[in-house]
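A.B. asks: no letters, just coordinates:
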């Protein structure tokens, strides 16, 4: 009986112990991230998530924890990729450097454990990588000082060139005619790598000082306006049945309207329109004022005669693509790298290096939605609800 009782008790304890191991220990030991030959288990991930959310309260983690958890997984992967890639460049962070940083953070009660040491190491490594890519830059390099504008059509570009040839100021004309405010005006001295795109770069480094390029068409250039051609096919009370095309320039809108004399609205809309209705031949269906989200559209569409196509309607609440660059080379030659230009060039080289290394690496992220939720709940268990 004693032996039987001992065996029974041992069985119970084994079952309880196995259940505890399965529920409370095994999940932490499961590998959830692999970066080449480096592995990270759930325990490391939970501790890292806890560290990165240290400044968040219970309700914030409850609301945004899953989103932050995804970012933390990416950071673990990227930090390890940087560590491995930097090692290939003979760049490492020493234990002494981490200890020194920990001493600086002592007043903030920064924990001395693997996760927090890894966070410090990652930050220090980024600084070293920036210094490395800084050191690879020359003091001077071939650059061009350019002025730039994007004209909505070739006709507008030709008009600008005529004004410049008559003594007009490029900068003032850019303010008047350019339709891409994010990339215009005086760009200063830039190397070829930092030109806004290859079309501009090719022009800048093939023109001589003082020259202006011919209009250069760029199908991908964005403009914060467009031109509607609107036809109302039926009116009833305060509603209309309408179809429309959105074109990239006034000249294009005029051209398409001329083609409508002998052409079909639906087929021309499918060919030229930049609005989402193009696949339906520009058909917009039954509309009330405000449905298109455009005052310019409503002002014309609800006031024109049925079955007549409107004049081109300029709308600054939409975005279209396509335009003509004009590039003026103020000067060109070997020039000192400005501080901001050097930093941008350094960051570009670093990002190119990192992307290439990442593409050549083997990365496994096994954190599905269930595992992320489990990790977030473990972090929440260590916080006080508010």
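C.D. replies: Sure thing, it's come through. Keep in mind that this is a model prediction, so the values were computed, not measured.

A.B. asks: return the distance of residue 185 relative to residue 71.
C.D. replies: 36 Å (Cβ to Cβ, to the nearest Å). (Each C-beta comes from the backbone N, C-alpha and C, glycine too.)

A.B. asks: let me see the contact set for residue 367.
C.D. replies: 32-33, 45, 69-70, 73, 375 (Cβ atoms under 8 Å, 6 or more residues apart in numbering).

A.B. asks: filter those to the buried ones?
C.D. replies: Using 16 or more other Cβ atoms under 10 Å as the burial test, the contacts of residue 367 include 32-33, 45, 69, 73, 375 as buried.

A.B. asks: by residue count, tell me the biggest helix in the chain.
C.D. replies: Assignment by DSSP state H gives helix 58-88 as the longest helix of the chain.

A.B. asks: could you point out which element follows that helix?
C.D. replies: The first helix or strand that comes after helix 58-88 along the chain, using DSSP states H and E, is helix 95-104.

A.B. asks: ok, and what's touching whatever helix or strand comes next after that following helix?
C.D. replies: Where DSSP H and E defines the elements, the next helix or strand beyond helix 95-104 is helix 114-135. By Cβ under 8 Å, 6+ apart, the list of residues contacting helix 114-135 from outside reads 44, 47-48, 51, 75, 79, 82-83, 86, 89, 91-93, 97-98, 101-102, 105, 110, 342, 346-347, 349-350, 353.

A.B. asks: count the residues that sit near the nearest residue in space to residue 283 that is not next to it in sequence.
C.D. replies: Nearest residue to residue 283, sequence neighbours excluded (Cβ to Cβ, 6 or more residues apart in numbering): residue 243, at 4.9 Å. Residue 243: 21 surrounding residues under other Cβ atoms under 10 Å.

A.B. asks: so which helix or strand takes in residue 243?
C.D. replies: Applying DSSP H and E, one finds residue 243 within strand 239-247.

A.B. asks: quick one on the thing from earlier: ok, the contacts of residue 367 vs residue 56, which is closest?
C.D. replies: In terms of Cβ to Cβ, no member of these lies closer to residue 56 than residue 69, at 11.7 Å.

A.B. asks: now do the end-to-end distance for stretch 39-57.
C.D. replies: 30 Å (Cα to Cα, to the nearest Å).

A.B. asks: buried residues in that stretch?
C.D. replies: 40, 42-53, 56.

A.B. asks: cool, and stretch 169-179?
C.D. replies: 170, 173-174, 177-179.

A.B. asks: same thing with stretch 346-364?
C.D. replies: Quick answer for stretch 346-364 (16+ other Cβ under 10 Å): 346, 349-350, 353.

A.B. asks: before we move on, what about stretch 190-209?
C.D. replies: Result for stretch 190-209 [16+ other Cβ under 10 Å]: buried residues 190-191, 195-196, 199-201, 203-205, 207.

A.B. asks: tell me which of those fall in helices.
C.D. replies: 199-201, 203-204.

A.B. asks: of these, closest to residue 323?
C.D. replies: residue 199 (10.8 Å).

A.B. asks: for the closest one, what are its contacts?
C.D. replies: Applying Cβ under 8 Å, 6+ apart, the residues contacting residue 199 are 216, 218, 325.

A.B. asks: what stretches of the stretch 151-300 of the chain score poorly on pLDDT?
C.D. replies: 181-184 (pLDDT under 70).

A.B. asks: quick one: the helices in it?
C.D. replies: 154-165, 170-177, 198-204, 250-259, 265-272, 295-301 (DSSP state H, counting those that start in this stretch).

A.B. asks: next, format these as CSV and append distance to residue 123.
C.D. replies: Listed next are these as CSV, based on distance: least, Cβ to Cβ, whole Å:
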stretch, distance to residue 123
helix 154-165, 48
helix 170-177, 41
helix 198-204, 34
helix 250-259, 52
helix 265-272, 52
helix 295-301, 50
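
A.B. asks: for residue 365, find the nearest of these.
C.D. replies: Nearest to residue 365, of these and by Cβ to Cβ, is helix 198-204 at 33.9 Å.

A.B. asks: right, I'll call it a day here.
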